[in-house]
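[1] Quick one, structure for this:
(one chain, ligands or ions: 1)
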Amino acid sequence: MKADLLIKGGTILTLNDRMEVLEDHCLVIESGKIIQICPFAKLKCDPAETIDASGCLVMPGMINTHSHLPMTYFRGLADDLPLDTWLNKYIWPLEAKLIDHDFVFDASVHGAAEMIHSGITLTNDMYFQMSAIADACSLAGLRVIVAEAMIDSKPGGDTAIESIGRKVLELREKYADNPLVDFSLAPHAIYTCSEATLRRSAEEAVKHGLLLHMHLSETKSERESCLHTHLKSPVQYLRDLGVLEARCVFAHGVWVDEVEMAMLASAHASIALCTDSNLKLASGIAPIKAYREKGVRLSLATDGVASNNNLDLLAEMDFTAKLHKVINHDPAFLPAEELVRMATIEAARALGKGDELGSLEEGKAADLLVLNLQELEAQPLYNPYSHLVYALNSHSIRDVVIAGSIVMRSHKLVNVNETELISKAQSYKARILAEQ
Ligand SMILES: [Zn+2]
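    Numbering: from 1, shown residues only. The predicted structure follows:
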């Protein structure tokens with residue numbers, strides 16, 4: 001049998017329904033897909049390239065369900081501030097002056113490269129200049145779902161209702177041959193979008209089978225303002241506008257009550273937990289225990305680096321687990337295995353891509369990570385899930401494969417020059433400071 005790539009050896013975490021962990025197996029990859037998983041002894045294959053994963057952990061690539069890639073150059077620019085001050089005084093005025101195609105493209109290449117280093121193989125992004133983000137991710141080799149944030153309330157922002165969806169459909173057609181890129185619709189949030197924008201977004205999402213990606217109840221004041229203005233809780237308001245008819249990924253979901261949770265659970269809706277961002281901006285702690293009891297699907301996300309300030313899902317798993325153990329006074333709550341599921345297969349399902357991504361199975365896309373276990377901090381190993389959540393960090397990620405292509409080999413990115421990215425970031429810093 002011919003193959004493009006063979007991954008042999010190592011401990012393979014499949015994340016399939018049986019959560020199988022395989023030893024002495026190999027993955028055969030052809031045309032971007034896993035075509036065979038078999039014991040090494042039974043392998044009959046002539047691969048063009050081989051990754052020796054002996055002594056390593058092999059797992060599905062991690063999926064980031066909420067990001068703002070082009071904000072990379074704003075990392076650390078304005079920290080230790082409340083969300084509204086941060087947005088209104090710093091981020092939005094700067095975006096108004098700086099955001100153009102080149103800025104978005106360059107910042108997104110940087111962010112995509114950083115995500116690959118952190119073991120992210122797909123990110124669900126929301127910003128402006130969709131094709132610049134799509135092209136940047138394609139260059140780095142990162143899989144991406146791109147959306148243009150629709151904002152009616154921002155100075156200069158005024159969503160033309162009849163055009164909602166049109167651009168996304170055009171781009172979907174334009175990028176139809178690009179296996180890395182998909183598009184979604186992103187009304188930014190309740191407090192930034194008109195009822196008409198939300199209603200029309202939902203209609204278009206349902207009509208064209210598009211994912212709907214938006215911020216939801218990140219802060220307490222956001223929820224209170226919805227109750228005051230619309231006399232309804234945020235989820236009820238969205239439901240009444242038809243938004244929950246679409247497949248929805250809601251970022252944050254910090255301030256959501258149990259009635260709202262029941263509505264989310266009975267819809268195709270999920271919450272992208274942004275723990276680090278919520279802690280840093282003191283937005284609050286998402287009620288994960290109640291979400292799980294009500295059956296709401298959960299995934300993990302970094303949010304943008306301007307509010308995080310990193311793109312590290314391994315770290316996100318670690319402190320999400322610990323934070324929720326301590327607030328629930330229960331060390332058994334959120335075991336490591338569940339965090340790993342949230343960062344892989346559950347995230348794929350949240351994005352409507354559970355049949356293609358999120359686990360290592362024959363027929364699925366070859367999006368995977370090889371983590372080096374031959375380091376002091378990785379030994380001894382009794383439970384690989386525990387290591388992923390509590391012991392390893394992104395420096396353990398040695399190789400990254402996306403859609404069957406090696407995009408990071410032995411810690412080095414294949415498609416982009418990291419030294420150039422660093423000097424470019426430094427020159428943008430000078431520009432950003434001059435505009436402040
Ligand atoms: Zn966000």
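[2] The helix or strand bottoming out on mean pLDDT in the chain: which residues count as buried?
    The least trusted helix or strand in the chain, going by mean pLDDT, DSSP states H and E, turns out to be helix 83-85, with a mean of 81. For helix 83-85, burial by neighbour count (16 or more other C-beta atoms under 10 Å) applies to Leu83. All C-beta atoms are positioned from the backbone trio N, CA, C, and that covers glycine.
[3] what packs against that helix?
    When contacts are defined as 3 or more C-beta pairs under 8 Å, 6 or more residues apart in numbering; DSSP states H and E, helix 83-85 packs onto no helix or strand at all.
[4] three-state assignment of the residue positioned nearest the centre of the chain?
    In the chain, the centroid-proximal residue (C-alpha atoms, centre = their mean) is Asn64; its distance is 1.5 Å. Asn64 falls in the strand class when you classify it by DSSP: H, G, I helix; E, B strand; the rest coil.
[5] so it touches Asp303, yeah?
    No: checked against C-beta atoms under 8 Å, the pair Asn64 and Asp303 is beyond contact range at 9.2 Å.
[6] ok, back up a step: chain center to the least confident helix or strand of the chain, what's the gap?
    Its chain's average C-alpha position is 23 Å from that of helix 83-85, according to C-alpha atoms, centre = their mean, to the nearest Å.
[7] so what's the residue nearest to the centre of the chain up against?
    With contact set as C-beta atoms under 8 Å, 6 or more residues apart in numbering, Asn64 has these partners: 115, 120, 122-124, 300-302, 311, 313, 347.
[8] Not counting residues beside it along the chain, what's closest to it?
    Thr123 (4.3 Å; C-beta to C-beta, 6 or more residues apart in numbering).
[9] and that neighbour, what pLDDT?
    Looking at Thr123, its pLDDT is 98.
[10] Let me know the helix or strand that it is in.
    strand 120-127 (DSSP states H and E).
[11] can I get the CA coordinates of that strand in PDB?
    Presented in PDB, the C-alpha positions along strand 120-127 are these (Å, rounded to 0.1, in the frame of the first residue of the first chain):
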ATOM      1  CA  ILE A 120      -3.800  23.700  18.000                       C
ATOM      2  CA  THR A 121      -4.700  22.300  14.600                       C
ATOM      3  CA  LEU A 122      -8.000  24.100  14.100                       C
ATOM      4  CA  THR A 123      -9.200  27.500  15.400                       C
ATOM      5  CA  ASN A 124     -12.600  29.000  15.300                       C
ATOM      6  CA  ASP A 125     -11.800  32.700  14.600                       C
ATOM      7  CA  MET A 126     -13.700  35.900  14.600                       C
ATOM      8  CA  TYR A 127     -12.400  39.200  13.400                       C
END
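[12] Summarise which helices and strands that strand is packed against.
    strand 62-67, helix 101-117, helix 130-140, strand 143-150.
[13] what domains does the record give for the chain?
    2-59+366-413, 62-350 (automatic domain parsing).
[14] Tabulate the helices and strands packed on strand 120-127 in a markdown table, adding columns for distance to Ser423 and mean pLDDT.
    Shown next, in a markdown table, are the helices and strands packed on strand 120-127 (distance: least, C-beta to C-beta, whole Å; pLDDT from 0 to 100):
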| stretch | distance to Ser423 | mean pLDDT |
| --- | --- | --- |
| strand 62-67 | 24 | 98 |
| helix 101-117 | 11 | 97 |
| helix 130-140 | 17 | 97 |
| strand 143-150 | 24 | 96 |
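[15] Tabulate those (JSON lines), appending distance to Phe319.
    Shown next, in JSON lines, are the helices and strands packed on strand 120-127 (distance: least, C-beta to C-beta, whole Å):
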{"stretch": "strand 62-67", "distance to Phe319": "15"}
{"stretch": "helix 101-117", "distance to Phe319": "18"}
{"stretch": "helix 130-140", "distance to Phe319": "27"}
{"stretch": "strand 143-150", "distance to Phe319": "25"}
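[16] of all the ones you listed, which lies closest to Lys44?
    Nearest to Lys44 among the helices and strands packed on strand 120-127 is strand 143-150 (30.1 Å), distances taken as C-beta to C-beta.
[17] Please name the strands paired to that closest one in the sheet, noting orientation.
    As defined by DSSP bridges, the strand partners of strand 143-150 come to strand 120-127 (parallel), strand 181-183 (parallel), strand 186-187 (parallel).
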